[in-house]
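A.B. asks: just to be clear, the model below is a prediction. Sequence and coordinates:
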Amino acid sequence: MSKIAKKYEAASKKVDASKLYSLEEAVKLVKETSVTKFDASVDISFRLNVNPTLADQLIRGTITLPHGNGKTKKVLVVTNTKLEEAKESGAEFFGGIEMLQKIQNENWFDFDIIVATPDMMGELGKMGRVLGPKGLMPNPKTGTVTMDVKAAVADIKRGKIAYRVDRDGNLNIGIGRVSFSEKDLLDNLVAITDAIVKARPSTVKGTYIRNCVVSSTMGPGVKVTFAGRN
């Protein structure tokens, strides 16, 4: 048995698989049961009672976590009208149509997210088949199509993340790192769980959150209770 497997086995014994833990208990356990040498990410996974094929049940949105999620995102700003602002925004890359040509011609993807001004959406729309499957297409609903380039980049650098339920009703979101304090992880966890609870569609009957698990990379899952909030 490998060292990681042994650590996982020992960590799993600290978690009662039949119990639903409070958010505070979950944060404490996730930190205690981390099994990696590196600073593991902490994620929350929801299984929702929604039908994403219905427009009103497609749970999606953005949130700026109080303490970020510990991940630094490289931003590409695509614009013709706000180039000077893009230079000052803190984005790693910026430019106009030449940036899109670089993506198409060189298969260049050294960035994590695209912020675009509305004037570029016609060109970006032509690249739907390239950017769409990678989740890179800018969208006004997530604040990545905007004239306020500086604010959009600043939000991303502060930890603004986008989330979207998949076709099976699952939602997975990174909320921090094991190195975060319990308080910071709890603040982030409360923020995202509140957002998902508030996003409950009025057409959903019965239990909305079927299952919720918090875990670290390669660590055991800790089930969370939503008693009184579901």
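C.D. replies: Yes, it's here.
A.B. asks: going forward, measure contacts and count neighbours with C-alpha atoms only.
C.D. replies: Noted.
A.B. asks: residues contacting A17?
C.D. replies: Taking CA atoms under 8 Å, 6 or more residues apart in numbering, we find A17 in contact with 222-223.
A.B. asks: name the SS class of it, please.
C.D. replies: Under DSSP: H, G, I helix; E, B strand; the rest coil, the three-state class of A17 is coil.
A.B. asks: and the strands in this structure?
C.D. replies: Assigned by DSSP state E, the strands in the chain fall at 41-48, 60-64, 75-78, 93-95, 113-116, 160-164, 170-177, 209-216, 222-223.
A.B. asks: and those strands as TSV, adding distance to G128, mean neighbour count and mean pLDDT?
C.D. replies: Below are the strands of the chain laid out as TSV (distance: least, CA to CA, whole Å; neighbours: other CA atoms under 10 Å; pLDDT from 0 to 100):
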stretch	distance to G128	mean neighbour count	mean pLDDT
strand 41-48	28	21	96
strand 60-64	19	16	89
strand 75-78	15	26	97
strand 93-95	19	20	96
strand 113-116	13	26	96
strand 160-164	18	18	87
strand 170-177	23	22	94
strand 209-216	32	21	95
strand 222-223	37	26	96
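A.B. asks: any idea how far the nearest residue to V78 once chain neighbours are set aside is from V130?
C.D. replies: Counting by CA to CA, 6 or more residues apart in numbering, A116 is the residue found nearest to V78 once chain neighbours are left out, at 4.7 Å. To V130, A116 is 16 Å away according to CA to CA, to the nearest Å.
A.B. asks: ok, L185 next?
C.D. replies: Going from L185 to V130 by CA to CA gives 35 Å.
A.B. asks: apart from its neighbours in sequence, what residue is nearest N170?
C.D. replies: Nearest in space to N170, with sequence neighbours left out and distances taken as CA to CA, 6+ apart, is R47 at 4.6 Å.
A.B. asks: contacting residues around the one you found?
C.D. replies: Contacts of R47 by CA under 8 Å, 6+ apart are 169-171, 209-212.
A.B. asks: nearest to S22 among those?
C.D. replies: The nearest member of those to S22, counting by CA to CA, is C212 at 11.1 Å.
A.B. asks: got the confidence number for M1?
C.D. replies: On pLDDT, M1 comes in at 56.
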